[in-house]
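J.: missing the sequence, but the structure's below:
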DNA sequence: ACAAAAGTGTTAGGCTTACACCCATGT
DNA sequence: ACATGGGTGTAAGCCTAACACTTTTGT
């Protein structure tokens, strides 16, 4: 081991040589609205760019806890499942000079804690929420918050564009094995709605008839009597899903399906 | 945001209120030898328990980099692929008093940096290496290092037992989609050897004939002319695998297969 | 009436599973 | 000679992909 330095309790600059990187968590919060996958972004008043909701993991917290609180704070929701997907953090990726103003606005003193904020590791989480359940105040005193179409995300702070791309890729890879899409849909949803979510993440179209067979074969969802009127065509049936079994599957990473989709 | 504290450059105790958790990376290094899955553990001289190789991520490093260096240091290997699998870290999980001596022995000054070492987040990586390629010095001046059977791991420092379990579970889930097992095998290997690896991770036996068909269908491995003598029975053929395609698949998380195995 | 999109059903073919049988090797 | 375990082959059947046809709805 090469880190043999000791710490002088009264000399911060000495600490630079032994201190470890800071840990930041950030959330890619996904929703689905009008056939489009949306992501929730925030923008501090007085700054120039949008970014993902993020926060330093403080001493008294765990990373999962910080990430959970962050989602709760932004969406006003209680029940959701956050998923780790990747730890980011290259040396020198955190350009201090550039982000000095932002950090200051977020309550982190860039002068005093210069060395602590320069290099960080970023733990990425993704979350699926129901668009209609989320009540955001589009503008508060300190920040703006807004849904963005996944394919219309502006240039963001830090490496957040990369983070979003990676989250999308992770989901694409997991969506065939975990019943992720359910969390994006309202309590009652139609088969076409669900299929579109899969299509958006996968990046190609699916045969609606075969898709339906696959989904139903999991036993996770129940066909309802009701239909949903929506345009100049036959109304699709509504379905609901078994939340208990779904949550259990998420917790246990149970193997409910293993689909490659064409 | 609630962290509005500023930092007094000359007062460490003040920092406790703004400082974030430390980031530690650790590796579950897997190997395969005599039909058994092995894990590499280390033990500092003067301490009582074994543990996974781990290190604080220092300011000048990225997490992946630290994890890579750690594996290289322990195994003397250059070429391997490390995979993130989970970020651990509950509040209060890092019992300072208990580990004071260990930290001191590892070159981290527990007196001076008390507050920095109390709470940490632990990023878990797993790595697959070839047993025969690893040259470990079983005992150096500062530590012992040893292979342990996966099902015979002693009580370890910190939450390392939990980390190993979780890594095993992650692999079990990914082994059907990624050609992981190859990295555990020597350049030339037999089909039964490879099958046993799958069986160990999955926890149940597989039909040897169907297994062979599946593996061959990926086009990743080539049958050689040679055979391997090994007991009172017909000698199995040797196979080699296409490293280029394998590495590319790992990098891109390419979908080479999607198996559920019975 | 017609276009759009959903519901339902069918069929061919590929892949998986579950075997049977034969072959090499060491004791 | 025999037990052990590997090599090769095959048939049944399930699952999937591809596609046809009917039904509902708004304009």
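T.: Alright, I've got the coordinates. These numbers were taken from a predicted model, which means no experiment stands behind them.

J.: quick one: buried residues of the host helix or strand of residue A:240?
T.: Using DSSP states H and E, the secondary-structure element containing residue A:240 is strand A:237-241. Within strand A:237-241, the residues scored as buried using 16 or more other C-beta atoms under 10 Å in any protein chain shown are A:238-241. C-beta: built from backbone N, CA, C; applies to glycine.

J.: neighbouring strands for it, and are they parallel or not?
T.: According to DSSP bridges, strand A:237-241 forms sheet pairs with strand A:189-190 (antiparallel), strand A:221-227 (antiparallel).

J.: nearest to DNA strand C, of the ones you listed?
T.: Distance to DNA strand C, taken as C-beta to the nearest atom of the strand, is lowest for strand A:189-190 among those, at 6.4 Å.

J.: just to revisit the earlier point, residues touching the strand holding residue A:240, excluding its own?
T.: A:179, A:182, A:187-191, A:194, A:220-224, A:226-228 (C-beta atoms under 8 Å, 6 or more residues apart in numbering or on different chains).

J.: Next, count neighbours for the closest residue in space to residue A:134 that isn't next to it in sequence.
T.: Nearest non-adjacent residue to residue A:134, counting by C-beta to C-beta, 6 or more residues apart in numbering or on different chains: residue A:75, 4.7 Å away. For residue A:75, the count of nearby residues is 22 (other C-beta atoms under 10 Å in any protein chain shown).

J.: Would you mind confirming that residue A:75 makes contact with residue A:40?
T.: Yes. If you go by C-beta atoms under 8 Å, residue A:75 and residue A:40 touch, sitting 7.2 Å apart.

J.: Could you list the buried residues of the longest helix along chain A?
T.: The residue-count maximum for a helix in chain A (DSSP state H) belongs to helix A:160-174. For helix A:160-174, the buried set under the neighbour-count rule, 16+ other C-beta under 10 Å, comprises A:160, A:163-164, A:166-168, A:170-174.

J.: follow-up on the earlier one: distance from the chain centre to the strand holding residue A:240, please.
T.: 25 Å (C-alpha atoms, centre = their mean, to the nearest Å).

J.: Let me see the mean pLDDT of it.
T.: Strand A:237-241 carries an average pLDDT of 95.

J.: and the angle from the helix or strand just after that strand to strand A:221-227?
T.: Toward the C-terminus, strand A:237-241 is succeeded by helix A:243-252 as the next helix or strand (DSSP H and E). Orientation check (axes from the mean of the first three to the mean of the last three C-alpha atoms, to 10 degrees): helix A:243-252 against strand A:221-227 gives 140 degrees.

J.: who touches helix A:243-252?
T.: A:81, A:178-179, A:182, A:219-220, A:254, A:256.

J.: For ChimeraX, what selects the buried ones among these?
T.: Buried residues within those, by 16+ other C-beta under 10 Å, are selected in ChimeraX with:
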select /A:81,178,179,182,220,256
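
J.: so which pair among the contacts of helix A:243-252 is furthest apart in space?
T.: Longest distance between any two of these is 20.1 Å, between A:81 and A:219; criterion C-beta to C-beta.

J.: Least confident of the strands paired with strand A:237-241, on average?
T.: The minimum mean pLDDT among the strands paired with strand A:237-241 belongs to strand A:221-227 (a mean of 88).

J.: Buried residues of it, list them for me.
T.: Applying a neighbour-count criterion of 16+ other C-beta under 10 Å, the buried positions in strand A:221-227 are residue A:221.

J.: hmm, it touching DNA strand D?
T.: Yes. Counting by C-beta under 7 Å from any atom of the strand, contacts between strand A:221-227 and DNA strand D involve residue A:227.

J.: what distance separates that strand from the middle of the whole chain?
T.: Distance of strand A:221-227 from the chain centroid (C-alpha atoms, centre = their mean) equals 29 Å.

J.: Pull the residues that contact it.
T.: So strand A:221-227 is contacted by A:182, A:188, A:215-216, A:235-242 (C-beta under 8 Å, 6+ apart).

J.: ok so, going back, I'd like the buried residues of helix A:160-174 as JSON lines, with distance to chain B and pLDDT appended.
T.: What follows is these, written out as JSON lines (distance: C-beta to the nearest C-beta, whole Å; pLDDT from 0 to 100):
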{"residue": "A:160", "distance to chain B": "17", "pLDDT": "94"}
{"residue": "A:163", "distance to chain B": "14", "pLDDT": "96"}
{"residue": "A:164", "distance to chain B": "17", "pLDDT": "98"}
{"residue": "A:166", "distance to chain B": "11", "pLDDT": "97"}
{"residue": "A:167", "distance to chain B": "13", "pLDDT": "98"}
{"residue": "A:168", "distance to chain B": "13", "pLDDT": "97"}
{"residue": "A:170", "distance to chain B": "9", "pLDDT": "95"}
{"residue": "A:171", "distance to chain B": "12", "pLDDT": "96"}
{"residue": "A:172", "distance to chain B": "9", "pLDDT": "93"}
{"residue": "A:173", "distance to chain B": "6", "pLDDT": "89"}
{"residue": "A:174", "distance to chain B": "10", "pLDDT": "91"}
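
J.: For these, could you give me CSV that also reports distance to DNA strand C?
T.: Shown next, in CSV, are the buried residues of helix A:160-174 (distance: C-beta to the nearest atom of the strand, whole Å):
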residue, distance to DNA strand C
A:160, 34
A:163, 33
A:164, 28
A:166, 29
A:167, 27
A:168, 24
A:170, 24
A:171, 23
A:172, 21
A:173, 18
A:174, 20
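
J.: Of these, which are in range of DNA strand D?
T.: Of the buried residues of helix A:160-174, not one also sits near DNA strand D (C-beta under 7 Å from any atom of the strand).

J.: would TSV of the buried residues of strand A:237-241 with distance to residue A:106 be doable?
T.: TSV is the format used below for these (distance: C-beta to C-beta, whole Å):
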residue	distance to residue A:106
A:238	43
A:239	42
A:240	41
A:241	38
